[in-house]
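Enquirer: kindly generate the corresponding structure for this input.
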Amino acid sequence: MRGSQLTVDNVVTLHTTQLPANPFGYYVVSSTEMFVQPPLSNGFLCVGPSVGRYNTQVQNSGATGWVQMAVDLSAVPTPSGSTAPVQSGDFLRFQYWYRDCG
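Expert: Below you'll find the predicted structure:
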(Lines give C-alpha, C1' and ligand atoms only; values in the text may rest on other atoms or scores of the structure.)
Protein backbone atom coordinates (compact mmCIF):
# COMPACT_ATOMS: atom_id res chain seq x y z
CA MET A 1 0.00 0.00 0.00
CA ARG A 2 1.25 3.46 -0.85
CA GLY A 3 -0.07 6.88 0.01
CA SER A 4 -0.33 9.34 2.83
CA GLN A 5 -0.70 8.56 6.52
CA LEU A 6 -3.23 11.39 6.81
CA THR A 7 -6.84 10.43 6.12
CA VAL A 8 -7.66 13.96 4.99
CA ASP A 9 -5.14 13.66 2.10
CA ASN A 10 -7.24 10.82 0.57
CA VAL A 11 -4.18 9.38 -1.20
CA VAL A 12 -4.02 5.59 -0.97
CA THR A 13 -3.16 3.09 -3.70
CA LEU A 14 -3.24 -0.67 -3.14
CA HIS A 15 -0.67 -2.76 -5.05
CA THR A 16 -0.93 -6.55 -5.17
CA THR A 17 1.83 -8.62 -6.76
CA GLN A 18 2.80 -12.27 -7.20
CA LEU A 19 -0.69 -13.24 -8.35
CA PRO A 20 -1.27 -16.10 -10.78
CA ALA A 21 -1.47 -14.92 -14.39
CA ASN A 22 -4.88 -13.79 -15.66
CA PRO A 23 -7.49 -14.48 -12.94
CA PHE A 24 -10.23 -11.90 -12.42
CA GLY A 25 -10.70 -10.57 -8.90
CA TYR A 26 -11.50 -7.59 -6.73
CA TYR A 27 -10.47 -5.99 -3.46
CA VAL A 28 -12.39 -6.50 -0.23
CA VAL A 29 -12.15 -4.44 2.97
CA SER A 30 -12.97 -5.06 6.60
CA SER A 31 -12.22 -3.54 9.98
CA THR A 32 -11.52 -7.01 11.39
CA GLU A 33 -9.09 -9.80 10.63
CA MET A 34 -10.29 -13.37 10.21
CA PHE A 35 -8.95 -16.56 8.65
CA VAL A 36 -11.60 -18.35 6.53
CA GLN A 37 -11.44 -20.85 3.70
CA PRO A 38 -14.42 -20.00 1.47
CA PRO A 39 -16.25 -22.87 -0.24
CA LEU A 40 -14.96 -23.73 -3.72
CA SER A 41 -11.64 -21.98 -3.09
CA ASN A 42 -8.05 -23.11 -2.67
CA GLY A 43 -7.14 -19.92 -0.81
CA PHE A 44 -8.06 -18.12 2.36
CA LEU A 45 -9.95 -14.95 3.16
CA CYS A 46 -8.07 -13.03 5.85
CA VAL A 47 -10.68 -10.31 6.48
CA GLY A 48 -14.17 -10.52 7.89
CA PRO A 49 -16.64 -11.56 9.02
CA SER A 50 -18.26 -8.36 7.72
CA VAL A 51 -16.70 -7.45 4.38
CA GLY A 52 -17.15 -4.53 1.99
CA ARG A 53 -16.56 -5.41 -1.65
CA TYR A 54 -15.06 -3.39 -4.48
CA ASN A 55 -16.74 -5.81 -6.90
CA THR A 56 -17.70 -3.00 -9.28
CA GLN A 57 -13.96 -2.68 -9.96
CA VAL A 58 -13.17 -6.21 -11.17
CA GLN A 59 -9.60 -6.50 -12.42
CA ASN A 60 -7.45 -9.05 -14.22
CA SER A 61 -3.85 -9.67 -13.16
CA GLY A 62 -2.76 -10.21 -16.76
CA ALA A 63 0.49 -11.93 -17.68
CA THR A 64 2.45 -9.89 -15.10
CA GLY A 65 0.43 -11.13 -12.09
CA TRP A 66 -0.26 -7.77 -10.46
CA VAL A 67 -3.10 -5.29 -9.95
CA GLN A 68 -3.51 -1.92 -8.29
CA MET A 69 -6.39 0.28 -7.22
CA ALA A 70 -6.70 3.81 -5.86
CA VAL A 71 -8.88 3.88 -2.73
CA ASP A 72 -11.30 6.75 -2.22
CA LEU A 73 -11.29 7.19 1.55
CA SER A 74 -14.51 9.20 1.38
CA ALA A 75 -16.43 6.20 -0.03
CA VAL A 76 -15.21 2.83 1.31
CA PRO A 77 -17.65 -0.08 0.69
CA THR A 78 -19.48 -1.43 3.73
CA PRO A 79 -20.96 -4.91 4.26
CA SER A 80 -24.45 -3.51 3.60
CA GLY A 81 -23.44 -2.44 0.08
CA SER A 82 -23.38 1.28 0.85
CA THR A 83 -20.24 3.39 1.28
CA ALA A 84 -18.87 5.30 4.26
CA PRO A 85 -15.96 7.69 4.79
CA VAL A 86 -12.88 6.57 6.70
CA GLN A 87 -12.57 8.35 10.03
CA SER A 88 -9.34 9.28 11.78
CA GLY A 89 -8.27 6.28 13.86
CA ASP A 90 -10.03 3.68 11.67
CA PHE A 91 -7.94 0.59 10.98
CA LEU A 92 -8.93 -1.19 7.78
CA ARG A 93 -7.65 -4.39 6.23
CA PHE A 94 -7.70 -4.87 2.46
CA GLN A 95 -7.32 -8.10 0.50
CA TYR A 96 -7.41 -8.91 -3.20
CA TRP A 97 -9.79 -11.83 -3.72
CA TYR A 98 -9.82 -14.02 -6.81
CA ARG A 99 -11.07 -17.47 -7.64
CA ASP A 100 -8.21 -19.94 -7.94
CA CYS A 101 -9.48 -22.69 -10.18
CA GLY A 102 -6.07 -24.35 -10.57
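Enquirer: for the rest of this, base every contact and every neighbour count on C-alpha atoms.
Expert: Fine.
Enquirer: give the contact list for residue 26.
Expert: The contact partners of residue 26, by Cα atoms under 8 Å, 6 or more residues apart in numbering, come to 53, 54, 55, 57, 58, 59, 96, 97, 98.
Enquirer: could you redo the last one with a cut-off of 6 Å?
Expert: 54, 55, 58, 96, 97 (Cα atoms under 6 Å, 6 or more residues apart in numbering).
Enquirer: quick check, pLDDT for the second one.
Expert: Right, the one you point to is residue 55. pLDDT for residue 55: 86.
Enquirer: assign it to helix, strand or coil.
Expert: Here residue 55 is coil, with the state taken from DSSP: H, G, I helix; E, B strand; the rest coil.
Enquirer: what segments of the protein are strands?
Expert: 2-3, 12-16, 24-30, 33-36, 45-47, 52-53, 59-60, 67-71, 76-77, 83-84, 93-98 (DSSP state E).
Enquirer: pick out the residue closest to the middle of the protein.
Expert: residue 27 (2.6 Å; Cα atoms, centre = their mean).
Enquirer: bridging residues for it?
Expert: residue 96 (DSSP bridges).
Enquirer: quick one, what contacts it?
Expert: Taking Cα under 6 Å, 6+ apart as the test, what residue 27 contacts is 54, 95, 96, 97.
Enquirer: next one: the third one from residue 73, what distance?
Expert: Meaning residue 96. 17 Å (Cα to Cα, to the nearest Å).
Enquirer: hey, which of the strands of the chain is tucked in deepest?
Expert: Sort the strands of the chain by mean neighbour count, taking mean count of other Cα atoms under 10 Å, and strand 52-53 sits at the top with a mean of 23.
Enquirer: next one: it to chain centre, how far?
Expert: 8 Å (Cα atoms, centre = their mean, to the nearest Å).
Enquirer: who's in contact with that strand?
Expert: By Cα under 6 Å, 6+ apart, strand 52-53 touches 28, 29, 77, 78, 79.
Enquirer: and these as a markdown table, adding pLDDT and distance to residue 68?
Expert: Shown next, in a markdown table, are the contacts of strand 52-53 (pLDDT from 0 to 100; distance: Cα to Cα, whole Å):
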| residue | pLDDT | distance to residue 68 |
| --- | --- | --- |
| 28 | 94 | 13 |
| 29 | 95 | 14 |
| 77 | 95 | 17 |
| 78 | 93 | 20 |
| 79 | 91 | 22 |
